[in-house]
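Novice: Kindly generate the corresponding structure for this input.
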Amino acid sequence: MQNEHEIVQQVYAAKEDNFAADDFIESYKPFIKAETAKFLKRPPKDQDDELSIAMIAFYEAINQYSHLKGSFLHFASRMIRNRLIDYWRKIKRHTGLIELDAPIIDNDDKETALIDIMPEEKNKTEELIQREATLAEIQELAQQMSEFNISLSDVADKNPRQKRTLIACQKAADVAIKDEKTMTLFFKNKKLPITRIAELSHVAKKTLERHRDYVMALLIIYSNGYDLIRNHLAQVKIVKGEH
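Specialist: I've put the predicted structure just below:
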């Protein structure tokens, strides 16, 4: 089995040469099929559209990957899952359009559409897919965080409660993500380069030390394509008062 360094070298070679890209994709077909099988809950067939979507997503992962994003295979896995979810949603909208929009007569003899009276039913399957995808991201995030000796419970305990502190931590993470040297040190040493981040972001070292696990989690999440978790974080309300 190839180590991560060898995989990254192949990815960067594939970025520059189409033949290298074809060879790389061909060698990772078993991986692509395995990721597709996770989504379909069955082994994919060669004629499945989902397998084609997964192959395209893997190629997109090659083009969009940077070593700052951590493991390439983790990144590619998320890319494949997200593209398959997008494809499934489009198919559901297309195949269900006529049936759900068909006019019917309600109990008051008024014309309405089926889609208007069964919103929970039409969303049930999509919500299930969304929950499963989110759970998969959380499990993958927890695994990656364990490489940095932090856990989800650690992050919850160190989560800033005060608006000012939360903004400071987010600012520090944003600055760190944009600095290649900082991210290289972070992923290489599996530690937060607090002094460097404090100097770049002008956020107090004391704040970074106190909320170290939270900032580390942000760096992992925002540099590795955890789309569902990032969307959730964007909607989280700030709790006033700090413990």
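Novice: any weak-confidence spans in the chain?
Specialist: 1, 91-129, 232-243 (pLDDT under 70).
Novice: quick one, domains of it?
Specialist: Split into domains by automatic domain parsing, the chain comes to 1-95, 152-235.
Novice: Please convert the ones you listed to CSV, extending it with distance to Leu141.
Specialist: C-beta here means a position set from N, CA and C on the backbone, and glycine is covered the same way. Below are the domains of the chain laid out as CSV (distance: least, CB to CB, whole Å):
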stretch, distance to Leu141
domain 1-95, 10
domain 152-235, 6
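Novice: Tell me where this protein has strands.
Specialist: Along the chain, counting by DSSP state E, strands occupy 103-105, 111-113.
Novice: so which of the domains of the chain comes closest to Ile138?
Specialist: When those are compared by CB to CB, domain 152-235 sits nearest Ile138, at 7.0 Å.
Novice: what's the neighbour count on the closest residue to Leu68 other than its chain neighbours?
Specialist: Distances taken as CB to CB, 6 or more residues apart in numbering place Met183 nearest to Leu68, at 4.3 Å, with adjacent residues excluded. Met183 is flanked by 20 other residues according to other CB atoms under 10 Å.
Novice: Just give me the neighbour total for the closest residue to Val203 other than its chain neighbours.
Specialist: Nearest non-adjacent residue to Val203, counting by CB to CB, 6+ apart: Ala172, 4.3 Å away. When counting by other CB under 10 Å, one arrives at 25 neighbours for Ala172.
Novice: I'd like the numbering to begin with 52 instead of 1 from here.
Specialist: Renumbered: residue one is now 52, and that last one reads Ala223.
Novice: list the contacts for Ala223?
Specialist: For Ala223, the contact set (CB atoms under 8 Å, 6 or more residues apart in numbering) comprises 248-249, 252, 254, 258-259, 266.
Novice: Apply 7 Å and report the result again.
Specialist: 248, 252, 254, 259, 266 (CB atoms under 7 Å, 6 or more residues apart in numbering).
Novice: now for those residues, which pair is the farthest apart?
Specialist: Checked with CB to CB, the contacts of Ala223 reach their widest spread between Ser252 and Val266, with 10.0 Å between them.
Novice: When these two are compared, which one has more neighbours?
Specialist: Taking neighbours as other CB under 10 Å, Ser252 and Val266 compare with Val266 leading, 28 against 21.
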